[in-house]
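Peer 1: from the sequence below, what's the structure:
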Amino acid sequence: MTTQSPVSDTTVSSQAAQVLRALALDEDLKRRVPEDPVLGPLARKVARRFTAGETLADAVERAKRVLASGHRVSVEYMGESCRDPRRATAETDVFLEATRLLPPGCSISLDLSHIGLAVSEDLALANAGRLARATADTGREMMISAEGSDRTDAVLAVHRALCASFDHVGVTVQARLHRTAEDLPRLLALPGRIRLVKGAFLEPETIAHPREDPALPAVYLGYARRLADSGHPCSFATHDRELVHRIDHHLGGRASTAAPWEFETLLGLGPDRLEAMAERGHPTREYVVFGTEWWLYVCNRIAEDPQRLLQALVDAAA
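Peer 2: Numbering: from 1, shown residues only. Here you go, the predicted structure:
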């Protein structure tokens, strides 16, 4: 009789994360799960932990609460890979409505593939230009979110084009991507906040560090230090306690509400880290998402820490 060697918890967690990231990219599941009469209600219970709700009104109320607690807030209308040009333009109109209705000072975030990048760079630039003008007129920052590495060149090209006319449009970079070592110096020469994340997408090791790579925190910290020392507007978007502590240590005594940096966490994750950094005098931000296309977003949040899968089971059964 043969026995199988036990599989380590780390290996199982890594495999679970890979599966979740693959599921996140399944566009058929993204459509079918929310519509399924059995799975849809269960999945929505899981999504509520990470999202403000499915409507703009939900996001407005949550944004008001975040601002009242002393943190900045960025709001994103969830969606990606929109391949219908008319729908991409209609989705841009939702962002424009958010610009009108969200509380003053609330930033707008978006995936460019939500508003046309999956169709063409020209369409994405036209729609992003409309939103850039609207956010400029209302005194808001506009933040372009990260997408898979196959879209990074196009994302950065649209961002660069917007920066020729606007100085309030930021962009997100992923510490995991090997190319960030070359992209970051170019971005530092442009206006707009740089948001540093680890990166949650399914990528080959030739393109990105694995999420479980023990070297990844050091890579992230290196970029964070460079951003902090540059004086360029930036966001340290991580829930890694040790990284937050080490960045705070690097900033040593320079905390100020007028600082060019900020510490950012996602809705439903890391509120204790946000409060701790606020108490130390750092600017802080909570990232709030809303909408019906929560499938990819929620799968990626769980994949970042497969222990959250257990919480998801509890939430689904509640």
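
Peer 1: could you pull out the helices in the stretch 201-318 of the chain for me?
Peer 2: Under the criterion DSSP state H, counting those that start in this stretch, the stretch 201-318 of the chain contains helices at 216-230, 241-251, 271-279, 295-304, 308-317.

Peer 1: can you say which of those is nearest to residue 38?
Peer 2: helix 308-317 (11.2 Å; CB to CB). C-beta coordinates here come from the backbone N, C-alpha and C atoms, glycine included.

Peer 1: quick check: mean pLDDT across the closest one?
Peer 2: Computed over helix 308-317, the mean pLDDT rounds to 70.

Peer 1: let me have the helices of the stretch 201-318 of the chain in CSV, adding distance to residue 196 and mean neighbour count as columns.
Peer 2: Compiled in CSV, the helices of the stretch 201-318 of the chain are given as follows (distance: least, CB to CB, whole Å; neighbours: other CB atoms under 10 Å):
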stretch, distance to residue 196, mean neighbour count
helix 216-230, 6, 17
helix 241-251, 10, 16
helix 271-279, 15, 17
helix 295-304, 15, 23
helix 308-317, 22, 14
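
Peer 1: and of these, who's closest to residue 123?
Peer 2: helix 295-304 (20.6 Å).

Peer 1: so can I have TSV of the helices of the stretch 201-318 of the chain showing distance to residue 206?
Peer 2: Output for these, formatted as TSV (distance: least, CB to CB, whole Å):
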stretch	distance to residue 206
helix 216-230	16
helix 241-251	25
helix 271-279	32
helix 295-304	20
helix 308-317	28
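
Peer 1: for residue 98, find the nearest of those helices.
Peer 2: helix 295-304 (16.5 Å).

Peer 1: show me what contacts residue 134?
Peer 2: For residue 134, the contacting residues are 95-96, 99-100, by CB atoms under 8 Å, 6 or more residues apart in numbering.

Peer 1: show the buried residues in these.
Peer 2: Buried residues within the contacts of residue 134, counting neighbours by 16 or more other CB atoms under 10 Å: 95-96, 99.

Peer 1: of these, which belong to helices?
Peer 2: Assigned to helices by DSSP state H, the following of the buried ones among the contacts of residue 134 qualify: 95-96, 99.

Peer 1: could you list the low-pLDDT ranges of the protein?
Peer 2: Applying pLDDT under 70 to the chain picks out residues 1-10, 12-14, 16-17, 19-26, 30, 306, 309-310, 313, 315.

Peer 1: care to break it down by domain?
Peer 2: Annotated domains of the chain cover 10-42+302-317, 51-293 [automatic domain parsing].

Peer 1: hmm, back to that, closest one to residue 89 among the helices of the stretch 201-318 of the chain?
Peer 2: Taking the helices of the stretch 201-318 of the chain one by one with CB to CB, helix 295-304 is closest: 21.2 Å.

Peer 1: tell me what that closest one is packed against?
Peer 2: Contact here means 3 or more CB pairs under 8 Å, 6 or more residues apart in numbering; DSSP states H and E; on that basis helix 295-304 packs against helix 9-24, helix 27-35, helix 39-47, helix 308-317.

Peer 1: distance of the spatially most central residue of the chain relative to residue 312?
Peer 2: Computing the C-alpha centroid of the chain and ranking residues by CA atoms, centre = their mean puts residue 145 first, at 5.8 Å. In this view, residue 145 and residue 312 are 23 Å apart by CB to CB, to the nearest Å.

Peer 1: now residue 273
Peer 2: For residue 273, the distance to residue 312 - CB to CB - is 21 Å.

Peer 1: what do you get for residue 58?
Peer 2: Residue 58 is 20 Å from residue 312, where distance means CB to CB.

Peer 1: just checking, residue 265 touches residue 273?
Peer 2: Yes - contact criterion CB atoms under 8 Å: residue 265 and residue 273 qualify, at 5.9 Å.

Peer 1: nearest to residue 121 among the ones in helices among the buried ones among the contacts of residue 134?
Peer 2: Taking CB to CB as the measure, residue 121 sits nearest to residue 95 out of those, at 18.1 Å.

Peer 1: what's near enough to touch the nearest residue to that closest one once chain neighbours are set aside?
Peer 2: Distances taken as CB to CB, 6 or more residues apart in numbering place residue 131 nearest to residue 95, at 5.2 Å, with adjacent residues excluded. Shown in contact with residue 131 (CB under 8 Å, 6+ apart): 92, 95-96, 99, 108, 110, 115, 142.

Peer 1: now name the helix or strand holding residue 131.
Peer 2: helix 121-137 (DSSP states H and E).

Peer 1: list the buried residues for that helix?
Peer 2: 121, 123-132, 134-136.

Peer 1: for stretch 70-78, same thing?
Peer 2: 71-78.

Peer 1: restricted to strands, list those residues.
Peer 2: Within these, residues falling in strands by DSSP state E are 72-77.

Peer 1: got CSV for the residues you listed, with distance to residue 242 too?
Peer 2: Below are those laid out as CSV (distance: CB to CB, whole Å):
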residue, distance to residue 242
72, 24
73, 26
74, 24
75, 29
76, 27
77, 32
